[in-house]
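Novice: Quick one, what's the 3D model for this:
(chains A and B)
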Amino acid sequence: MARDSSIEQRPESEAASQVEAAEASADAAIARLEDLQRVTDAALAYLNLEELMAVLLERVVEILNVDTSAVLLLEDEGRTLAARAARGLEEEVERGFRVPVGHGFAGRIAATRQPVVIPDIENSPVQVVNPLFREKGVRSLLGVPLIAAGRLIGVLHVGSLTLREFRDSDTELLQLVGDRVALEIERSRLQIQDRIAQTLQHSLLPRTLPRLPGLRMAARYLPAARESAVGGDWYDVIELGHRRIGLSIGDVAGHGMAAATFMGELRSAARAYALDGVGPGELLQKLARFAEEEQSRMATMIYGVLNLDTWMLRFARAGHPYPLLLRADGTTTFLTATSGPPLGTMATPSHNEQEVTLEAGQSLLFYTDGLIERRGQRLSEGEAALERALVESPEDPDDRCSAVIRRLTADWEVADDVAVLLVQAVGLEERLSANLPARADELAGIRYLLRRWVAANGGTDDDCAAFAIAATEACANAIEHAYGPTEAEIEVNAGLEGDIAVVTIRDEGRWREPRGGNRGRGIPVMREFMDELEIDRTEDGTLVELRRRIGSGPR
Amino acid sequence: MSELARLSMDSAGDIRLARVAGEVDASNVVELSEQLLAGVPNSARALVLDLSNTSYIDSSGVNLIFDAAARLRNRRQELRLVVVPHSFVAEVLSAVSIGDAVSVDAAMADALKAVGVSD
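Specialist: Presented below is the predicted three-dimensional model:
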């Protein structure tokens, strides 16, 4: 290369020599910068890791004017180097060459994190273990460690088929190139991991949470900030039918694809049992057997069944952090009555169940330990911080999840992934607002919700029953005339005007005139139970307003 | 059927007895209606539908009763209801003048007596 000849010139005049040497080193510096530029140009960002390494090695061979080059990356938690890309030594990768850290040429570079030069492998103090070098006729070797963010990730080496004396400037240049290569590899790996984590998250975590009148749910999954972004945390919401939903949250020990894969298996197994009607305690026992059978990792989890009418949750816990209940008055309690070992630790454990009935305005938070565990801090401090964060969080469930996570992860890097799942029973003070899908199986839910609301605002049993049936009639009609490609929604609002309760039911369909002998009985039923009934039909939809004086006062 | 309502059927001679416990609304009325009519053979003289343990019924359930009464009438079979007086169900049924189409009794014993079955 031109640079080499200019450096090697030996001018006769000393002054001229100094000038020329300075010019030469400036030229060399520019040439190096250009070389480095070639190692990091923007086009590389679009390559996958294999393509990226192939292109980088090609450039390394050109820049250093060598015959071979190869990248070995650390595997087995840093114990082994495995050939991942090579040029001139392609068989190294094809044969799956691996060498323990500390052994041979590459192993020595990794162990010492220092460059190693072998001027002649036939006469080398470092034992060269890869037979391919001799098969290919490689005579001289130069290798540098690949270090990204202070962490060794592998080794980059180049070789010459003719005897070559690699000089310090070659080593420096290869190290500079190696640093760029390491950065590119790490960036590409992180991208890949991010993609995998996102894919996993998208495929394994529920895309949407069910919308339930009177109950609101929110959930978050936050990958770990460093290292492998793929974790083993999950949450799940399972529609069990019969006005029940299953809730699960769990955490498989460790990181990486193995943890994520086992998470997927556990979550799927839990789903299958849940849909089969298996209750919480028994489900955890079955999963414990499953985990034991798989001889896999340890996992903690909670599974619960929530009754959508009574708001009663029955749950069991396998070594998982306790759920945290937040009451409307701002007090909190960890629900600690369940016990049972983590999955994968015992073949036939017993997991007892706890029941809790959510009252209006209460929230129940499930979370994984990444939220409360910090290095050098006692668990009780993490729990206390969680209680404070939950109490001081905004009321909206989505905002609440975000605020709790933000508070607890603000001043430290999240070392573990975090999942949270929040179930919140709406407040029933004066105003109530709920949206529900226009489906017949939602009717009971809206009925129960209105009963609760009327009772919470001083209504008698008769008042509760009256609003339950009148609102159900109005919703049933909305459901009957709701049609179209997308699922229609019904909006229910309830409020008080003095001692008169006013409930409105709004939909976006057209009110259907009664047809046939068996139709049109909804309106007389509504009139029977309400003081006032108003049906407002427009092009945009139908609004039904129900009014009735409630309470034990004179009617 | 959803857990909202449970239907149990029984016989007293050539009279079929059906008890509906729980709640009847648009979500379960079709299934309930099918099971109910499938449970009444042509040989039966009458169906007594016991709503004593029905805690909720709305116009969809009311329609079921009118519909069942008409079908049974076509088969020359009688339908009688058992409804606890002054209950929520009684109030709903009176709002739609059910008595015009179906005979209503306050207790099962009264209904059985009316169709000629004695204990």
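Novice: Residue numbers of chain B in contact with chain A?
Specialist: B:2-4, B:23, B:25-27, B:56, B:58-60, B:62-63, B:66-67, B:88, B:91-92, B:94-96 (C-beta under 8 Å from any C-beta of the partner chain). (C-beta placed from N, C-alpha, C; glycine too.)
Novice: hmm, 7 Å instead?
Specialist: Proximity of chain B to chain A (C-beta under 7 Å from any C-beta of the partner chain) is limited to residues B:2-4, B:23, B:25-27, B:58-60, B:62-63, B:66-67, B:88, B:91-92, B:95-96.
Novice: ok but residue A:491 is inside a helix, no?
Specialist: No - using DSSP: H, G, I helix; E, B strand; the rest coil, the secondary structure at residue A:491 is strand, not a helix.
Novice: Now do the contacts for it.
Specialist: Contacts here follow C-beta atoms under 7 Å, 6 or more residues apart in numbering or on different chains; on that basis residue A:491 touches A:435, A:506.
Novice: for residue A:536, same thing?
Specialist: By C-beta under 7 Å, 6+ apart, the contact set of residue A:536 is A:542, A:543.
Novice: again with the one 4 residues further on
Specialist: For residue A:540, the contact set (C-beta under 7 Å, 6+ apart) comprises residue A:508.
Novice: In a helix, it, correct?
Specialist: No - counting by three-state DSSP, residue A:540 is not found in a helix; it is coil.
Novice: gap between it and chain B?
Specialist: Remark: distance between residue A:540 and chain B (C-beta to the nearest C-beta, to the nearest Å) = 24 Å.
Novice: re the thing from before, of the residues of chain B next to chain A, which belong to strands?
Specialist: Those of those mapping onto strands are residue B:23, per DSSP state E.
Novice: Please check the residues of chain B next to chain A and keep the buried ones.
Specialist: Buried residues within these, defined by neighbour count using 16 or more other C-beta atoms under 10 Å in any protein chain shown: B:2, B:4, B:23, B:25-27, B:58-60, B:62-63, B:66-67, B:88, B:91-92, B:95-96.
Novice: Name the helix or strand for residue A:528, please.
Specialist: In this assignment (DSSP states H and E), residue A:528 forms part of helix A:522-529.
Novice: other SSEs contacting that helix?
Specialist: Helix A:522-529 sits against helix A:461-480, helix B:88-95, with contacts defined as 3 or more C-beta pairs under 7 Å, 6 or more residues apart in numbering or on different chains; DSSP states H and E.
Novice: what about those helices, which gets the closest to residue A:320?
Specialist: Among these, helix A:461-480 comes nearest to residue A:320, with 37.4 Å by C-beta to C-beta.
Novice: wait, does the closest one make contact with chain B?
Specialist: Yes - on the criterion C-beta under 7 Å from any C-beta, helix A:461-480 is in touch with chain B at A:465, A:469, A:472, A:473, A:476, A:479.
Novice: can you state the direction angle for that helix and helix A:522-529?
Specialist: Per axes from the mean of the first three to the mean of the last three C-alpha atoms, to 10 degrees, the angle that helix A:461-480 makes with helix A:522-529 is 160 degrees.
Novice: hang on, the earlier thing: lowest-confidence one in the residues of helix A:461-480 next to chain B?
Specialist: Lowest pLDDT among the residues of helix A:461-480 next to chain B: residue A:479, with 84.
Novice: Tell me how many other residues crowd that residue.
Specialist: By the criterion of other C-beta atoms under 10 Å in any protein chain shown, residue A:479 has 23 neighbours.
Novice: Kindly report the same for residue A:348.
Specialist: Residue A:348 sits with 8 neighbouring residues when counted by other C-beta under 10 Å.
Novice: Can you tell me how far it is from residue A:342?
Specialist: Taking C-beta to C-beta, to the nearest Å as the measure, residue A:348 falls 14 Å from residue A:342.
Novice: Check which residues of stretch A:366-374 are buried.
Specialist: Of the residues in stretch A:366-374, A:366, A:367, A:368, A:369, A:370, A:371, A:372, A:374 count as buried by neighbour count, 16+ other C-beta under 10 Å.
Novice: Please apply the same query to stretch B:48-60.
Specialist: Of all the residues in stretch B:48-60, those buried under the rule 16+ other C-beta under 10 Å are B:48, B:49, B:50, B:51, B:52, B:54, B:55, B:56, B:57, B:58, B:59, B:60.
Novice: Straight-line length of it, end to end?
Specialist: Distance across stretch B:48-60, first residue to last, is 19 Å (C-alpha to C-alpha, to the nearest Å).
Novice: pull the longest helix from chain B.
Specialist: The single longest helix within chain B, with elements called by DSSP state H, is helix B:59-74.
Novice: and that one, what other elements does it pack with?
Specialist: By 3+ C-beta pairs under 7 Å, 6+ apart, helix B:59-74 packs against helix B:29-38, strand B:78-82.
Novice: by contact count, what packs against the first one?
Specialist: By that I understand helix B:29-38. In terms of contacts (3+ C-beta pairs under 7 Å, 6+ apart), helix B:29-38 is packed against strand B:5-12, helix B:59-74.
Novice: Just name the most buried of the ones you listed.
Specialist: Greatest average neighbour count among the helices and strands packed on helix B:29-38 goes to helix B:59-74 (a mean of 19), per mean count of other C-beta atoms under 10 Å in any protein chain shown.
Novice: now that one: how far from the chain's centre is it?
Specialist: Put simply, helix B:59-74 sits 9 Å off its chain's centre (C-alpha atoms, centre = their mean, to the nearest Å).
Novice: Quick one: work out the angle between that helix and strand B:78-82.
Specialist: Comparing the axes of helix B:59-74 and strand B:78-82 via the same axes, to 10 degrees yields an angle of 150 degrees.
Novice: pLDDT of helix B:59-74, averaged?
Specialist: Averaging pLDDT along helix B:59-74 yields 93.
Novice: What pLDDT does the model give residue A:480?
Specialist: At residue A:480, the pLDDT value in this model is 79.
Novice: Please read the previous query as pertaining to residue A:26.
Specialist: Note on residue A:26: pLDDT of 61.
Novice: same thing with residue A:555?
Specialist: pLDDT at residue A:555 comes out at 57.
Novice: Can you tell me the centre-most residue of the chain?
Specialist: By default, I'm working from chain A. residue A:221 (4.1 Å; C-alpha atoms, centre = their mean).
Novice: The chain in question should be chain B.
Specialist: Nearest to the mean C-alpha position of chain B, counting by C-alpha atoms, centre = their mean, stands residue B:49 at 2.6 Å.
Novice: Would you agree residue A:506 is in contact with residue A:537?
Specialist: No - judged on C-beta atoms under 7 Å, residue A:506 makes no contact with residue A:537 at a distance of 11.5 Å.
Novice: out of these two, which sits in the busier spot?
Specialist: Legend: neighbour count by other C-beta under 10 Å for residue A:506 and residue A:537, higher for residue A:506 (19 against 14).
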